[in-house]
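K.L.:
Build the 3D model from these lines:
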Amino acid sequence: MRILVATDGSPSSDYALGQAAALSSAYQAQAMVLCVSQPVDIGWYQPQDSWAPHTLEVPGGQEADEILQGAVRLFQSRGVTPEIRHRRGNPSSQILDLADEWHADLIVVGTHGRNRLDRFFLGSVSHQVITHAKCSVYLARDPARQGHQQPATEERAESDGPHGQVVSKL
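P.N.:
The predicted structure follows:
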């Protein structure tokens, strides 16, 4: 079994890392940890005399490396040594691309618990992943964060526990 987990250093993705490490250990699975740096255009925040486009990556290169090294330590504490990847671009696209390239059996992502209206206006990495993934997806919901969302109509929850749900295509 191959488990891909995506992290951005947020509390919800930290929880997803813990869940993925536990699953990898329990099932003696191969693990891959992905951190995606997303380019953010900050050009309009610059002084008016400087109109050159400026971009920033979030998380930055050094921060992404620290996030990945922390993930490695967490997995190793569970007896698993994960592969790590740092990519740049749209997070959901990078997660889906790597899942296909690596032939992942399960993608683990944290969820911020946004409601449907927030997802409509803001988008959601986890929503994009469950909508387009070719494999099962485990949405890791931190129990410290309340608010369960129902899976979209084209998916069904195979296992819906208090801390997450596995979503697969019908």
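K.L.:
quick one: strands adjacent to the top strand by length along the chain?
P.N.:
When the chain is parsed with DSSP state E, its longest strand is strand 30-41. Neighbouring strands of strand 30-41 in its sheet, by DSSP bridges, are strand 2-7 (parallel), strand 55-58 (antiparallel), strand 83-88 (parallel).
K.L.:
After the first one, which helix or strand is next? Please name it.
P.N.:
Moving toward the C-terminus from strand 2-7, the next helix or strand (DSSP states H and E) is helix 11-26.
K.L.:
so where is this protein shaky, pLDDT-wise?
P.N.:
41-55, 113-123, 145-170 (pLDDT under 70).
K.L.:
Strands of that one, residue ranges please.
P.N.:
2-7, 30-41, 55-58, 83-88, 106-110, 136-140, 155-161, 164-169.
K.L.:
who wins for proximity to Asp97 among the ones you listed?
P.N.:
Closest to Asp97 of the strands of the chain is strand 83-88 (CB to CB; 8.2 Å). Heads up, the C-betas are built off the backbone N, CA and C, glycines and all.
K.L.:
coming back round to it: when you compare where the longest strand of the chain runs with where strand 106-110 runs, what's the angle?
P.N.:
50 degrees (axes from the mean of the first three to the mean of the last three CA atoms, to 10 degrees).
K.L.:
and strand 30-41, C-alpha only, in PDB?
P.N.:
Extracted as PDB, the C-alpha positions of strand 30-41 are listed here (Å, rounded to 0.1, in the frame of the first residue of the first chain):
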ATOM      1  CA  GLN A  30       5.100   3.000   1.900                       C
ATOM      2  CA  ALA A  31       4.700   6.700   2.700                       C
ATOM      3  CA  MET A  32       5.300   9.900   0.700                       C
ATOM      4  CA  VAL A  33       5.100  13.400   2.300                       C
ATOM      5  CA  LEU A  34       4.400  16.300   0.000                       C
ATOM      6  CA  CYS A  35       4.800  20.000   0.700                       C
ATOM      7  CA  VAL A  36       3.600  22.400  -2.000                       C
ATOM      8  CA  SER A  37       4.800  25.900  -2.200                       C
ATOM      9  CA  GLN A  38       2.200  28.100  -3.800                       C
ATOM     10  CA  PRO A  39       3.200  31.200  -5.600                       C
ATOM     11  CA  VAL A  40       1.400  34.300  -4.400                       C
ATOM     12  CA  ASP A  41       1.500  37.500  -6.400                       C
END
